[in-house]
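> Turn this into a structure:
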Amino acid sequence: MNRNEVQSFLIRRFITVIALASVAEYFLITFLNGTILPFAMRIYFGNNYLEGRVSILTILAAIFLSILCLILTLVGNILPGGASDAVHSLADNITSLMVRIFNGSGPDIRTPRITATSQTVFVLVVLVYVVLIVIPYLLAGFVYVRTVIRKMKEIEEAEHQRNLEYEKKRNLMISDIAHDIRTPVTTIAGYSQAIVSGKVPKEEVDDYLGAVMTKSQRLTELVNLLFDYVKLDSEGFTMDRKPLDICETVRECAVFAFDDIEKKGMELDVDIPEEPVMVSADKIHISRAVTNLITNAVKHNESGTKIGLLVEPLEKKVKITVADTGNEIPSELAENLFDPFVMGEKSRTTKNGTGLGLSIVKKTVDMHGGTIELTASSPEGYTKSFVITLDQN
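Below is the predicted model of the structure:
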């Protein structure tokens, strides 16, 4: 799960939790307004409440004065003698004032309707009212936090598993590459020693030198792949992107690979517009990416295979397609084909793969802001195709 997916999940869950809390609060307030609130209001406001003359400020004043009276009463019970009587008297005066202000009914205002007990009840009712209103959001916050924690644990576990799988593939690939490097080095050393020591007949020296050259080329290819992968993956590396005619660049890639295609008895079908199609790209790296796809088609298909190289300009994008009529790639391998160090046993038996080539292609295309995919909807007559999509300049 990438960053955008995590953000989307958290936003959706937050909206869901808040919506449920709001619905619960609505029904709770409806219930409280029909039961507890009228009871508390009648204690303090008498006819004023029944006649609808109670404002928010009035309610806040009642709460403040009630709490003040309760505090004074508690303090009066603690203080000794005259000080206690003075504090109790002040509390009684405030209570009488509250009767005058809030009750608004009855001719005998000296008889207070508000007592210490009623004040306590009123304050407790208000506190309960507030707490009950807040509870849905407290529960919503608790549920949301639990959800976030659980999701983060899932993401961490998935990331841990991916790292383990990555390490496993990397270690296997390092072992394979070490084997692939050791094999040509051993051959080169053995053949060179045989030639120098004079053990090779003169008529066979050219064959030995040809084998040395082939193994050297293979060794150079392996080292270059490793170098390219490390360079692209290094921090701070950027592409030298400039305006580029992608049609001309793809034609150059076709010319570069044409000899290998002919030598293996394959056919190349090119469909590239004559008009320039401009993109912003690093010519060296985008050329390597396209050439790598063509080279893969040559390496991993039999003689007689037809390779298609197409450039299709769209409204704001351009598609570069490398297709062939060879065997389809197994679905279990296709799913992770662009991951680094992916190379199944079938690929190992060919002795042509390193598991880095397509990963380098994908990383190159990604750094150009484009996409690459292995698609089943190939051009007519082809069995599979790799499609690079770039923005037009």
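> Touching, F237 and D228? I think so.
No: using C-beta atoms under 8 Å, F237 makes no contact with D228, being 10.8 Å away. No exception for glycine: its C-beta is placed from N, CA and C like everyone else's.
> Compare those two and say which is more crowded by neighbours.
Neighbour count, other C-beta atoms under 10 Å: between F237 and D228, D228 has more, with 19 against 10.
> quick one, what contacts that one?
R288, L356, I360 (C-beta atoms under 8 Å, 6 or more residues apart in numbering).
> before we move on, the earlier item: which residues do F237 and D228 both contact?
What both F237 and D228 touch, as defined by C-beta under 8 Å, 6+ apart, is an empty set.
> Find the residue closest to L244 in space, skipping its chain neighbours.
A281 (4.7 Å; C-beta to C-beta, 6 or more residues apart in numbering).
> same check, this time on I18
A140 is the one closest to I18 (C-beta to C-beta, 6+ apart), at 6.4 Å.
> I figured that neighbour was touching A19, is that so?
No: in this structure, A140 is not within contact of A19 by C-beta under 8 Å, at 9.3 Å.
> Of the two, give the one with the bigger neighbour count.
Shown here are A140 and A19; by other C-beta under 10 Å, A140 has more neighbours (20 against 11).
> pLDDT score for that one?
Reported pLDDT at A140 in the predicted model: 88.
> now do A297
A297 is given a pLDDT of 91.
> What's the separation between the nearest residue to it once chain neighbours are set aside and E335?
Nearest residue to A297 in three dimensions, chain neighbours excluded: D324, at 4.5 Å (C-beta to C-beta, 6+ apart). D324 sits at a distance of 20 Å from E335 (criterion: C-beta to C-beta, to the nearest Å).
> So which of the two has more stuff around it?
Each of D324 and E335 has its neighbours counted (other C-beta under 10 Å); D324 has more, 26 against 12.
> wait, that one sits on T383?
Yes: if you go by C-beta under 8 Å, D324 and T383 touch, sitting 6.9 Å apart.
> Next one: P201 relative to A211, how far apart?
Distance from P201 to A211, by C-beta to C-beta: 15 Å.
> neighbour count winner among these two?
Ranked by neighbour count (other C-beta under 10 Å), P201 and A211 place A211 first, with 15 against 9.
> For that one, give me phi and psi.
phi -70, psi -40 (degrees, to the nearest 10).
> check contacts around it.
T187, Y191.
> Can you give me every residue that contacts I272?
C247, V250, R251, A254, L309, L310, V311.
> closest to N93 among those residues?
Using C-beta to C-beta, V311 comes nearest to N93 of the contacts of I272, at 93.8 Å.
> what is the closest one paired to in the beta sheet?
On the basis of DSSP bridges, V311 is bridged to I320.
> That one: neighbouring residues, count only.
By other C-beta under 10 Å, neighbour count at V311 equals 21.
> likewise V17?
20.
> these two touch, right, it and V143?
Yes: with contact defined as C-beta under 8 Å, V17 reaches V143; the gap is 5.8 Å.
> measure S359 to S216 for me?
For S359 relative to S216 (C-beta to C-beta), the value is 25 Å.
> these two touch, right, D180 and L222?
Yes: the criterion here is C-beta under 8 Å, and D180 meets it with L222 at 5.8 Å.
> In which helix or strand does D269 reside?
strand 267-271 (DSSP states H and E).
> and the chain, what are its domains?
Domain assignment for the chain by automatic domain parsing gives 3-157, 242-391.
> Over to L390. Which of the three states is it?
strand (DSSP: H, G, I helix; E, B strand; the rest coil).
> measure the closest residue to it other than its chain neighbours to P136 for me?
With C-beta to C-beta, 6+ apart as the criterion, L390 has its nearest non-adjacent residue at 4.2 Å, and that residue is G370. For G370, the distance to P136 (C-beta to C-beta) stands at 48 Å.
> How about the helix or strand harbouring R218, which residues are buried there?
Per DSSP H and E, R218 falls inside helix 202-233. Within helix 202-233, the residues that qualify as buried are Y208, V212, K215, R218, L219, E221, L222, L225, L226, D228, Y229, L232, counting by 16 or more other C-beta atoms under 10 Å.
> Among those, which pair sits farthest apart?
Between any two of the buried residues of helix 202-233, the greatest separation by C-beta to C-beta is 36.6 Å, found for Y208 and L232.
> hang on, the earlier thing: so the residue nearest to L244 makes contact with E248?
No: the criterion here is C-beta under 8 Å, and A281 misses it with E248 at 11.7 Å.
> When these two are compared, which one has more neighbours?
The residue with more neighbours, out of A281 and E248, is A281; 28 against 14, by other C-beta under 10 Å.
> Secondary structure class of T238, three-state.
Assignment for T238 (three-state DSSP): coil.
> Only the C-alpha atoms, please, for the strand or helix carrying E248, written as CSV.
Assigned by DSSP H and E, E248 belongs to helix 246-263. Once non-C-alpha atoms are left out, helix 246-263 reads as follows in CSV (Å, rounded to 0.1, in the frame of the first residue of the first chain):
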residue,chain,number,x,y,z
ILE,A,246,11.7,10.2,-29.6
CYS,A,247,11.0,8.9,-33.2
GLU,A,248,14.6,9.5,-34.2
THR,A,249,15.9,8.0,-31.0
VAL,A,250,13.8,4.8,-31.4
ARG,A,251,15.0,4.5,-35.0
GLU,A,252,18.6,4.7,-33.8
CYS,A,253,17.9,1.9,-31.3
ALA,A,254,16.5,-0.2,-34.1
VAL,A,255,19.6,0.3,-36.2
PHE,A,256,21.8,-0.5,-33.2
ALA,A,257,20.0,-3.9,-32.7
PHE,A,258,19.5,-4.8,-36.3
ASP,A,259,22.6,-6.9,-36.7
ASP,A,260,21.7,-9.1,-33.7
ILE,A,261,18.2,-9.5,-35.0
GLU,A,262,19.4,-10.6,-38.4
LYS,A,263,22.1,-13.0,-37.0
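> Alright, I will stop here.
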